[in-house]
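Novice: What follows is a predicted protein model with its sequence.
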Amino acid sequence: MMGLFQFGLTGTKAAASSLALMIPMQPPAASTIAGEIDQLYYLLTGITLFFTVLIFSIIFYFMVKYRRRSKDEKPPDVHSPLVLELAWTVIPSLICVVIFVWSSILYIRSTHPPAAATEIFVVGKQWMWHLQHPEGPREINELHIPVGVPVKLTMTSQDVIHGFYVPAFRLKKDVLPGRYTSLWFEASEAGTYHLFCTEFCGTNHAEMIGWVYVMSPEDYAVWLSGGEKSEPMAQQGEQIFNHYTCGYCHVADGTGRGPSLVGVFGKPEKLSSGESKVVDEDLIRQALLQPNSVPVAGYAPIMPTFQGQLTEEQILQLIAYVKSLGVQERASAR
Amino acid sequence: MSTAIADIHESPAESSVNYLNASHGIKSWLLTLDHKRIGLLYLGTITTMFLIGGVAAVLMRLNLIEPQGALVEPDTYNKLFSIHGIIMVFFFLVPSIPATLGNFLIPLMIGARDVAFPRLNLMSWYIFVTGCFFALYAVAAGGVDTGWTFYPPFSSSYSHTHVVAMALGIFIAGFSSILTGLNFIVTIHKMRAPGMTWFRLPLFIWAMYATSLIFVLGTPVIAVTILLLAAERLLHVGIFDPAIGGDPLLFQHLFWFYSHPAVYIMILPGMGIISELITAFSRKKIFGYSFVAFSSLAIAIISFVVWGHHMFVTGQSVYAGLVFSVLSFVVAIPSAVKVFNWTATLYKGSISYEAPMLYALGFIGLFTLGGLTGLFLASLATDVHLNGTYFIVAHFHYIMVGGAIMAYMGGLHYWWPKITGRMYPDLWARFAALVIFVGFNLTFFPQFVLGYLGMPRRYGVYPEEFQVLNVLSSAGASILAIGYVIPLVYFFWSWNYGPPAGPNPWGATGLEWTTASPPPTENFEHSVIVTEDAYNYPTADVTSE
């Protein structure tokens, strides 16, 4: 029976004995939210079937019962009672309210990652996915994640708009150039699942696909430590930081020509315009590429732009480094 | 239009002088100010565009028979779906019912001699044809590969195809929409015959009025958007591409601000036609006239504030998502009201099943399914999964093809005797309606399943497990294509050899059926005075029932 519903790698080939068995009807469900989205989907399917069958049945009944029997037949005058009009306005509205509330609760949950989520960084480019784990390993068109652990993807594009979609998780989010979008999920079933690009991005859009490998935490730990040795992203960011001698101005104790970056992530920073902005991924990116658009209060606007010098991957590594500075400070404060 | 010119002298014997034989020669057509002839000029133009868009669809479905792509290279496939979408939306569906049947029928239905601005009306056609030439040039020169949605920065900075020519074609054709909408609004306000009050208007007129409002208010937005896109592509002004300081989501907001209401440009006129057909073939007054009339206006107005439901997965704020979700549910209600009212109109009617009625009943069924699947997409959590997949493709084809084109075909079959003065073979017409219904469902129903399984749209190659459903869909498409060719054949036959129809072959109410078929150039022999409501079919005195 599983062959009927499963269509992973091995999927439907096993069940190719008859046409009915060859038609998959349900994608695998492998995230904590997938089951609930499916339930909502079934409710909507039920409502759709009910009303379609209702309308079809009524039409067929009327077609037969009231078919024209003679050429000069005159039908009786039927008045349209207001009660009926109100009923078929109000009842569908109430159904819509129920769907809206349920759906919105699920949506809000799916857009708010838990604070403890493991962060993985994604860069989309024509026509491949580049991913990097905070521990350092990079992947192309493959994503290895542990089961039962919330994962948050921070995503951007190097060129056009892409869409990161894992049907088995019932989740997708567009990946835009020039800004970060995020997507979080907690995988619930180990297995191998499709990763698709869902925003048309040019010639090989249909081949910008890959696989998500959901592994047991033990297997994941083995996978992380295997392969080529690589430094954590924060360390790679630190090397870029040193390469461009950013520390010459951004001195840790705040005495430099630029503001200290220690502990700033996630906290509001006062700009010279007087407004405060929370330091997040987008603000760091903006400060690197258009520094004059976000001058920090108390400092001269002398930072040069790094537009064209840093790749999207390097910017993400720098962000990881700035984030790690915050964590170290908090750790030492304890 | 050559057949029209060749055969006008063979018009049905009973009507002496009519709009078809009143003047002769190609000049009499190209310089005509008669709304009826202009309607036919549009009919020829959009039928040509429909066939081009249809060929692109057939090639796509052929390619998708095999997972690795049976026919074409990826770039070619991308151009095929782009051309199919652009031609069908901007050069067929948007003008389809308003420009052909709307032009032909609005003056006839309200008892007027012509539209308010006949010269403007002819100019609109010339503008539309100019837009078509730009679009066809773009196709002939190598095509475009942006999809009909033209999302930047792909369309502005990355695509190497003829985006600007195609965009200009859409820009120009848009002015035809604006001018046609303006013409219709003024006509409906100022040209109604004495006694034709607003609440005596046929519901097709209400639908055309609501459509015209969207034409006039929405089309300028897409025109400006497309100009900005062309400016970015040609002059590298940073508007949408973040690499030069633009905002890619700004384009999506502007694009959908027009393109969602445009969905209702395509479906509202169809709803108007269905109200005419259901009443005529059940000989009944419409159930809840004012509810059906005002639901058209409600749809037109609310349609302007639901565009954000196309952007639930773009990173739009959660609160914006919630608001657009609520509004999208709200816009579904007036459509539901219409479906219930059409169904209730059949109650205790005297129902007959000529071809136009089959199309009308097919419309109600397919539109119901298309509308209800829209709830999956108004609902945030399910939309996140289904957005960008074949579920979307299936949903909007149920509305556009199952809805708008079924209604258009129903309307053509219903008013064909009025337009040409001749009948077509009803048996063939019923057969074609059935073929289209079956072919349509076989093509698009499997796509709902494909979408739920996760197959993204705009894929020329795909994982193997999706093959069976794709083959079913392609099989359906070939049946659907045959269904569309059959009417072309018998309409052509009917135009030349069909038996005379007489002024009112269906026994329908409505001013257009009180004049000759085809109507004289001035529409009515005598001045028209209206004294009764629309759909005032004779009723039996059975008050006791």
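Specialist: Everything's here; your move. Numbering: from 1, shown residues only, chains lettered A, B, ... in the order given.

Novice: Does B:Glu276 touch B:Gly510 like I think?
Specialist: Yes. Using Cβ atoms under 8 Å, B:Glu276 is in contact with B:Gly510, at 7.2 Å. Placement of C-beta: from N, CA and C, glycine included.

Novice: Return every residue with contacts to both of the two.
Specialist: B:Pro202 (Cβ atoms under 8 Å, 6 or more residues apart in numbering or on different chains).

Novice: Among these two, which residue is more densely surrounded?
Specialist: Neighbours were counted for B:Glu276 and for B:Gly510 using other Cβ atoms under 10 Å in any protein chain shown; B:Glu276 has more, 31 against 20.

Novice: helix or strand for that one, which one?
Specialist: If you go by DSSP states H and E, B:Glu276 is part of helix B:248-282.

Novice: for that helix, which positions count as buried?
Specialist: Buried positions in helix B:248-282, judged by neighbour count with 16 or more other Cβ atoms under 10 Å in any protein chain shown: B:248-249, B:251-282.

Novice: For chain A, tell me which of the residues you listed show up nearby.
Specialist: Contacts with chain A within the buried residues of helix B:248-282, as defined by Cβ under 8 Å from any Cβ of the partner chain: B:Pro248, B:Leu249, B:Ser282.

Novice: quick one, the helix or strand just after the helix holding B:Glu276 and helix B:248-282 angle?
Specialist: Once the chain leaves helix B:248-282, the next helix or strand it forms, by DSSP H and E, is helix B:289-302. On the basis of axes from the mean of the first three to the mean of the last three Cα atoms, to 10 degrees, helix B:289-302 is oriented at 170 degrees to helix B:248-282.

Novice: touching chain A at all, helix B:289-302?
Specialist: Yes. Helix B:289-302 lies within reach of chain A by Cβ under 8 Å from any Cβ, at B:Tyr289, B:Phe291.

Novice: what mean pLDDT would you report for that helix?
Specialist: Mean per-residue pLDDT for helix B:289-302: 92.

Novice: tell me what the next helix or strand after it is packed against?
Specialist: Toward the C-terminus, helix B:289-302 is succeeded by helix B:318-345 as the next helix or strand (DSSP H and E). Under the contact criterion of 3 or more Cβ pairs under 8 Å, 6 or more residues apart in numbering or on different chains; DSSP states H and E, helix B:318-345 touches helix A:34-65, helix A:82-111, helix B:248-282, helix B:289-302, helix B:355-378, helix B:380-386.

Novice: Flag every buried residue along helix B:318-345.
Specialist: Residues B:321-322, B:324-325, B:327-345 are the ones in helix B:318-345 that count as buried (16+ other Cβ under 10 Å).

Novice: Taking helix B:355-378 as reference, get the angle to that helix.
Specialist: In terms of direction (the same axes, to 10 degrees), helix B:318-345 departs from helix B:355-378 by 160 degrees.

Novice: contacting residues around the closest residue to B:Gly371 other than its chain neighbours?
Specialist: In this structure, B:Gly371 finds its nearest non-sequential neighbour in B:Ser335, 5.2 Å apart by Cβ to Cβ, 6 or more residues apart in numbering or on different chains. By Cβ under 8 Å, 6+ apart, the contact set of B:Ser335 is B:Met271, B:Ser295, B:Ile299, B:Phe367, B:Gly371.

Novice: Quick check: the residue in the stretch 351-500 of chain B that chain A sits nearest to vs B:Gln447, distance?
Specialist: The minimum distance from the stretch 351-500 of chain B to chain A, using Cβ to the nearest Cβ, falls at B:Gly454 (2.6 Å). B:Gly454 sits 13 Å away from B:Gln447, going by Cβ to Cβ, to the nearest Å.

Novice: likewise A:Leu86?
Specialist: In this structure, A:Leu86 and B:Gln447 are 36 Å apart, going by Cβ to Cβ.

Novice: who's more crowded, the two?
Specialist: Using other Cβ under 10 Å as the criterion, A:Leu86 and B:Gln447 rank with B:Gln447 on top: 25 against 11.

Novice: which helices and strands does the helix or strand containing that one pack with?
Specialist: Assessed by DSSP H and E, B:Gln447 sits inside helix B:426-453. Secondary-structure packing of helix B:426-453 (3+ Cβ pairs under 8 Å, 6+ apart): helix B:355-378, helix B:380-386, helix B:390-397, helix B:406-420, helix B:467-497.

Novice: any idea how chain A splits into domains?
Specialist: Under automatic domain parsing, the residue ranges defining each domain of chain A are A:11-62+A:82-111, A:118-225, A:233-333.

Novice: So for B:Pro67, which of those domains sits nearest?
Specialist: Nearest to B:Pro67, of all the domains of chain A, is domain A:118-225, at 10.3 Å by Cβ to Cβ.

Novice: hang on, A:Leu318 packs against A:Leu288?
Specialist: Yes. Counting by Cβ under 8 Å, A:Leu318 touches A:Leu288, with 6.9 Å between them.

Novice: What ranges does the stretch 151-300 of chain A have for its helices?
Specialist: For the stretch 151-300 of chain A, applying DSSP state H, counting those that start in this stretch gives helices covering A:217-225, A:233-243, A:281-289.

Novice: Dump these into a markdown table; add mean pLDDT as well.
Specialist: Below are the helices of the stretch 151-300 of chain A laid out as a markdown table (pLDDT from 0 to 100):
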| stretch | mean pLDDT |
| --- | --- |
| helix A:217-225 | 92 |
| helix A:233-243 | 93 |
| helix A:281-289 | 92 |
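
Novice: closest to chain B out of those helices?
Specialist: Closest among these, using Cβ to the nearest Cβ: helix A:281-289, at 9.8 Å.

Novice: Next up, the contacts around the nearest residue to A:Arg109 once chain neighbours are set aside.
Specialist: Distances taken as Cβ to Cβ, 6+ apart put A:Ile33 closest to A:Arg109, at 6.8 Å, once the chain neighbours are dropped. Applying Cβ under 8 Å, 6+ apart, one finds that A:Ile33 lies in contact with A:Leu106, A:Arg109, A:Ser110, A:Phe169, A:Arg170, A:Leu171, A:Phe185, A:Glu186, B:Ala381.

Novice: Point me to the residue of the stretch 51-200 of chain B nearest chain A.
Specialist: The nearest approach of the stretch 51-200 of chain B to chain A comes at B:Phe154, 4.1 Å away (Cβ to the nearest Cβ).

Novice: Can you give me the pLDDT of that residue?
Specialist: pLDDT for B:Phe154: 96.

Novice: One more: the one 5 residues further on?
Specialist: At B:Ser159 the predicted local confidence, pLDDT, stands at 95.

Novice: Kindly report the same for B:Glu525.
Specialist: For B:Glu525, pLDDT reads 90.

Novice: Identify the residue nearest it in space, chain neighbours excluded?
Specialist: B:Thr515 (7.0 Å).

Novice: secondary structure element for the residue nearest to A:Arg285 when sequence neighbours are not counted?
Specialist: Computed as Cβ to Cβ, 6+ apart, the closest residue to A:Arg285 that is not its neighbour in sequence is A:Ile315, at 5.7 Å. Assigned by DSSP H and E, A:Ile315 belongs to helix A:312-333.

Novice: and that helix, what's its mean pLDDT?
Specialist: Here the average pLDDT along helix A:312-333 is 79.

Novice: No further queries at this time; thank you.
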